[in-house]
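Trainee: just a sequence and a predicted model for now, questions to come.
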Amino acid sequence: MKLIKGSKTPPLFQRLQLVLAPLSTLESYAKKYGDIFTMMTSVGEVVFVSSPQALQEILTKDNNEYETPASKVIQSMLGEYSIFGLEGDRHRRERKLLMPPFHGDRMRSYGELICNITKETASNLKVSQPFIALKLMQEITTQVILQAVFGLYDSPRLSQIRLMLVDFIEFTASPLRASLLFFPWLQKDLGPWSPWGKYRRQQQQLNELLYTEIATRRSQLDLNRTDILTLMLLARDEEGQGMTDQEIRDELITLLFAGHDTTANALAWALYWIHKQPQVYQKLMEELETMETDADPMTIFRLPYLTAVCQETLRIYPVAFATLLRRTKQPVELQGYHLETGTMISGSIYLTHQREDLYPEPKKFKPERFLERQFSTYQYLPFGGGSRRCLGMALANFEMRLVLATLLSNIEMELAENQPVKPQRRGIILGPRGGVKMVMKGKRIQSQKKSPSLATI
């Protein structure tokens with residue numbers, strides 16, 4: 001039986017490497033130790049794997065040979081009842097309760113909302129004035145998720161929640177501040193001026209707003225509403241039990257985080273790559289210009305090159321660079337290695353997406369690779385996999401394509417970056433360092449055959 005190799009450097013140094021420079025650290029370990037290696041993290045020693053075969057074995061045996069332990073990092077951010085941190089029967093119950101809003105017609109009904117919010121937000125850009133792509137995308141995705149989740153439009157509480165949500169997420173958006181989440185000894189509340197004290201007070205203020213909204217909506221429950229909060233309040237499990245206020249609060253903050261910051265970062269990357277490579281931009285615009293003015297959101301969603309651009313964006317720098325941790329429930333044989341009971345394992349999404357045998361020239365942005373072949377769910381997994389695959393995957397893919405198509409069809413932009421933009425840690429996810437600086441060149445002149453502006457959407 002083979003022995004899994006790993007670095008002999010001090011554990012604290014390994015943890016700091018993973019927090020401050022996760023991608024370069026993972027790449028250096030993979031280059032030295034191969035597809036499977038150990039590394040010390042904030043939760044102890046973890047086995048990282050990146051071969052599709054190993055990932056398939058782990059993800060298909062979820063809840064059988066492997067379990068997903070509760071993450072203290074996730075609990076500190078999202079709450080004890082976040083679906084990301086639940087195990088076993090509790091996870092299955094919660095996932096079943098949360099599934100309806102992300103399926104079929106319910107999700108497609110968000111198409112008009114996404115396009116309208118995108119056009120309205122982009123209309124505030126001024127010609128020749130620089131803007132940060134990530135901030136623009138955060139404005140769009142925040143409004144989309146708040147309106148989809150709460151069904152709220154112009155209300156004082158919605159404005160407060162939006163501001164508090166952005167502040168809360170931005171507080172851990174740099175690698176240094178993200179350290180607060182991964183090192184318990186930094187989590188000392190020494191008052192409102194201490195980093196952890198400020199973080200906790202922001203969290204408490206956001207909690208109060210969410211609990212107030214939950215209580216208000218419980219007392220005025222409208223069966224005709226279709227927003228996600230209403231559906232949560234109406235949901236019942238097989239025993240007829242609904243969700244508690246705390247369960248709803250934790251799932252709301254999970255949806256707000258997962259539906260806002262992750263999608264915004266992916267969209268900022270997409271704008272960067274599209275404008276970084278003229279041939280990609282030209283090919284995408286040619287596809288968008290073939291569309292009729294009455295094209296509906298689902299037609300836009302199915303555009304092949306637009307789809308490939310979004311897929312390649314999520315491949316080259318996946319927002320979530322690793323799967324949720326798994327832990328062996330019994331001794332396991334994995335790819336010729338023996339894993340004892342209690343071994344912690346993480347699938348490295350980033351390393352899998354960087355494999356030369358799957359993606360030739362992996363550092364190059366090449367949407368065509370997704371037009372030339374199909375990749376399995378263990379070769380391409382930007383939303384994770386198995387029973388833990390992101391519930392909002394369909395909505396995120398839908399939103400990415402509609403936002404990009406609507407923006408590109410209505411305004412002309414160009415990069416204002418002189419150097420290549422690199423990824424950096426933003427809390428528990430990755431995003432473009434600096435947010436991608438761009439310049440608005442002007443409004444695009446609409447032709448007769450145009451798509452997502454799409455006054456008709």
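Mentor: Arrived safely.
Trainee: make it CA atoms for all contacts and neighbour counts henceforth
Mentor: Will do.
Trainee: nearest the geometric middle of the protein, what residue?
Mentor: residue 262 (3.1 Å; CA atoms, centre = their mean).
Trainee: which SS state does that residue fall under?
Mentor: Secondary structure state of residue 262, per DSSP: H, G, I helix; E, B strand; the rest coil, is helix.
Trainee: ok, the nearest residue to it once chain neighbours are set aside - contacts?
Mentor: The shortest distance from residue 262 to any non-neighbouring residue, by CA to CA, 6 or more residues apart in numbering, is to residue 319 (6.2 Å). Counting by CA atoms under 8 Å, 6 or more residues apart in numbering, residue 319 touches 262, 265, 266, 382, 429, 430, 431.
Trainee: distance between stretch 289-302 and the chain's centre?
Mentor: Mean-position distance between stretch 289-302 and its chain equals 25 Å (CA atoms, centre = their mean, to the nearest Å).
Trainee: residue ranges for the strands of this protein, please.
Mentor: Remark: strands assigned in the chain by DSSP state E are 5-6, 36-41, 44-49, 66-67, 130-132, 326-328, 332-334, 337-339, 344-347, 411-415, 423-426, 429-432, 437-443.
Trainee: CSV for those, including mean neighbour count and mean pLDDT?
Mentor: Formatted as CSV, these follow (neighbours: other CA atoms under 10 Å; pLDDT from 0 to 100):
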stretch, mean neighbour count, mean pLDDT
strand 5-6, 17, 88
strand 36-41, 21, 93
strand 44-49, 20, 93
strand 66-67, 21, 81
strand 130-132, 17, 96
strand 326-328, 23, 90
strand 332-334, 14, 90
strand 337-339, 16, 91
strand 344-347, 24, 93
strand 411-415, 19, 95
strand 423-426, 22, 91
strand 429-432, 23, 91
strand 437-443, 18, 94
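Trainee: now those strands as a markdown table including distance to residue 369?
Mentor: Listed next are those as a markdown table, based on distance: least, CA to CA, whole Å:
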| stretch | distance to residue 369 |
| --- | --- |
| strand 5-6 | 33 |
| strand 36-41 | 26 |
| strand 44-49 | 23 |
| strand 66-67 | 33 |
| strand 130-132 | 29 |
| strand 326-328 | 30 |
| strand 332-334 | 30 |
| strand 337-339 | 32 |
| strand 344-347 | 23 |
| strand 411-415 | 24 |
| strand 423-426 | 22 |
| strand 429-432 | 23 |
| strand 437-443 | 27 |
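Trainee: closest one to residue 175 among the ones you listed?
Mentor: strand 423-426 (5.2 Å; CA to CA).
Trainee: what packs against the closest one?
Mentor: Here strand 423-426 touches helix 11-20, helix 175-182, strand 429-432, going by 3 or more CA pairs under 8 Å, 6 or more residues apart in numbering; DSSP states H and E.
Trainee: repeat the analysis, applying 6 Å as the threshold.
Mentor: strand 429-432 (3 or more CA pairs under 6 Å, 6 or more residues apart in numbering; DSSP states H and E).
Trainee: and the strand it packs on, which strands flank it?
Mentor: Sheet pairing for strand 429-432, assigned by DSSP bridges, gives strand 423-426 (antiparallel).
Trainee: what does the strand it pairs with rub up against?
Mentor: Contact with strand 423-426 is made by 173, 174, 175, 430, 431, 432, 433, as judged by CA atoms under 6 Å, 6 or more residues apart in numbering.
Trainee: measure the residue nearest to residue 262 to residue 10 for me?
Mentor: As judged by CA to CA, to the nearest Å, residue 319 and residue 10 stand 28 Å apart.
Trainee: residue 199 too?
Mentor: Note on residue 199: its distance to residue 10, by CA to CA, is 29 Å.
Trainee: could you do residue 248 as well?
Mentor: According to CA to CA, residue 248 stands 41 Å off from residue 10.
Trainee: got it, and residue 440?
Mentor: According to CA to CA, residue 440 and residue 10 sit 48 Å apart.
Trainee: repeat for residue 52
Mentor: From residue 52 across to residue 10, the span is 30 Å (CA to CA).
Trainee: between those two, which is the more surrounded one?
Mentor: The neighbour comparison of residue 52 against residue 10 (other CA atoms under 10 Å) goes to residue 52, with 22 against 9.
Trainee: shouldn't that one be in contact with residue 379?
Mentor: Yes: using CA atoms under 6 Å, residue 52 makes contact with residue 379 at a distance of 5.3 Å.
Trainee: poorly predicted segments of the stretch 101-250 of the chain, please.
Mentor: 101-107, 152-154 (pLDDT under 70).
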